[in-house]
Structure formats: C-alpha cells, structure tokens
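*Asks:* show me the folded form of this:
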Amino acid sequence: MMDDKQNGKTSEPTDTAIGAKKKFTPTLVVPTSDDFDSIAEMKYLAFQEKTRCCVKKNVVAETRKSLTDTASKHPRKLEHCRIVKSDDGSGRVLGACQVQLPGDIGDLSFPPSFRHKTLPREAYVEFIACHPDSTGMGIGSAMLEWAASFAKENGCRFISLEVMAANPAVRLYERKGYKVKSDPHADECDWLFAPCFVYCCFGCTYCSTKYMEKNLEDHESLQMER
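*Replies:* Have a look, this model is predicted:
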C-alpha cells in the first residue's frame, strides 16, 4: 500500500493511551457523504507530520474530493470503508479504515500508476487512521480486526499493508498477526527510487517503508482461540 501515499500511508494508531481515557466501545459503520468533511479533517490531523515538503497544501480538500469521486463513480468501494464516530453526538469521525478488495479500483487520490493493484485473493489496507486525540481507545485494534474479518468474508487469503519503517505502529500490526515480508508488488525501480520518493513526499521525515502481510487462516485460528 502505498496505502495513502499522499497523506502518508497508514496513520497507524498505536492504541497506546496517554493519560486516562474514558471507557469507549468502538462501533464501526459505513461512511456517508455527511461524514466526508470529518474524515478529511481527521486524516489530515492523523498524517500531519508526513504532509510537508512537496506534498500539496490543500490535503483536506483533496481528500474530500477523492471521497466524493469514490461515492459517485465507485459506490461499491465506499462500502469497503468503515469509520468510528464519537459517542458525544457530534458525529465527529475518530477513525477510519479503507480496504481494497480484488476488483476494486485503487485510491482515486493517486495517479493510476501509483494505485495499488491487488494480487489474487489479496485484500489491501489503503489507509487506517485515528484522530490524534483518540489513540488508546481501542479504535485502531477494532478497525484492524474488522479489516481482517471483512477480507476473509470476501474470499481473500491474506491482507497486506505498508507502513513507515520507523512508525511505532509496526508493533501494533505485529501483535495483530502481520509479518514483515518482501513486497511481491515491487520491482527493481521501486527498490532503487522508493527511499527518495518516501523522504521527499512524506514530510522529509521517513525514508523507508515496510510491507506487511497477515495470513487470514491465522486470523481465523486466533479468533477460535479467543
């Protein structure tokens, strides 16, 4: 993935609480057009540290347009997204996760050549993001659980994602059954130019990514153990 190349891939929530958090049970729902503004704002805040240098400034507007285009041109793809809203009645989006299934078009905010192309029986996490004020509430874990179950239900054998190599969220993904692997989508050009691309386009902070996969048969076994 480069899952959210423009906004920094996954804004990978660590689920590590800072201070006391009130008890919160995440409820995942399919977004509607009424949620697009809040999703765009949440993603901007979640990926803010990675949206500097050559990245366009109007990230919120671009994200909103991408969501609107997806809803109008590829409504089925929007059904493969889940959001978590605040329970205070404000409707504020606290987290979101988009899964790309085989046959889905890639992220419309990227040029066609940059969009992920799924392998047979692969599901791909295009982005997963939490509002910075909502980490440690179980939202990231709930969205990862949904993504794996949703992919399994739709006949996929494995689910993949990409994450900045230095991002602490790598540990969360590992706890959830993801393993670092060699990217089967990459070629020689990717290996050669990816570090420069990542550094220049993702905030001049990171210089490499990790490709991670989860075997969905392992996911089913973990669920049975629980």
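*Asks:* next, the closest residue to residue 65 other than its chain neighbours: secondary structure please.
*Replies:* In space, and not counting its chain neighbours, residue 65 is closest to residue 109: 7.9 Å by CB to CB, 6 or more residues apart in numbering. In short, each C-beta sits where N, CA and C put it, glycine included. Three-state assignment for residue 109 (DSSP: H, G, I helix; E, B strand; the rest coil): coil.
*Asks:* right, and residue 109 touches residue 61 too?
*Replies:* No - in this structure, residue 109 is not within contact of residue 61 by CB atoms under 8 Å, at 11.0 Å.
*Asks:* quick check on the residue nearest to residue 65: phi, psi?
*Replies:* Backbone torsions for residue 109, taken as degrees, to the nearest 10, come to phi -80, psi -10.
*Asks:* distance-wise, check it relative to residue 164.
*Replies:* 18 Å (CB to CB, to the nearest Å).
*Asks:* so between those two, which is more surrounded?
*Replies:* Legend: neighbour count by other CB atoms under 10 Å for residue 109 and residue 164, higher for residue 164 (24 against 21).
*Asks:* I'd assumed residue 209 was in contact with the more buried one.
*Replies:* Yes - at 5.8 Å, residue 164 and residue 209 qualify as touching, with contact defined as CB under 8 Å.
*Asks:* flag the helix or strand of this protein with the lowest per-element mean pLDDT.
*Replies:* Ranked by mean pLDDT, DSSP states H and E, the weakest helix or strand in the chain is helix 188-201, scoring a mean of 49.
*Asks:* OK, contacts around residue 64?
*Replies:* The contact partners of residue 64, by CB atoms under 8 Å, 6 or more residues apart in numbering, come to 36-37, 40.
*Asks:* ok, residue 98 to residue 70 distance?
*Replies:* For residue 98 relative to residue 70 (CB to CB), the value is 9 Å.
*Asks:* comparing these two, which residue is more hemmed in?
*Replies:* Taking other CB under 10 Å, residue 98 and residue 70 do not tie; residue 98 has more neighbours (27 against 22).
*Asks:* from residue 139, how far out is the residue nearest to the spatial centre of the chain?
*Replies:* In the chain, the residue lying closest to the centroid (CA atoms, centre = their mean) is residue 127, at 1.7 Å. Going from residue 127 to residue 139 by CB to CB gives 14 Å.
*Asks:* all the helices of the protein, in order from the start?
*Replies:* 36-46, 59-73, 75-78, 139-153, 169-175, 188-201, 216-225 (DSSP state H).
*Asks:* how far does the fifth one sit from the chain's center?
*Replies:* Distance of helix 169-175 from the chain centroid (CA atoms, centre = their mean, to the nearest Å) equals 13 Å.
*Asks:* what residues sit buried inside that helix?
*Replies:* Neighbour-count burial for helix 169-175, counted by 16 or more other CB atoms under 10 Å, picks out 169-170, 172-173.
*Asks:* so where's the chain shaky on pLDDT?
*Replies:* Low-confidence segments of the chain (pLDDT under 70): 1-22, 49-57, 186-208, 219-226.
*Asks:* just to revisit the earlier point, Throw the helices of the chain into a markdown table and include distance to residue 133, thanks.
*Replies:* A markdown table is the format used below for the helices of the chain (distance: least, CB to CB, whole Å):
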| stretch | distance to residue 133 |
| --- | --- |
| helix 36-46 | 8 |
| helix 59-73 | 17 |
| helix 75-78 | 25 |
| helix 139-153 | 11 |
| helix 169-175 | 17 |
| helix 188-201 | 26 |
| helix 216-225 | 29 |
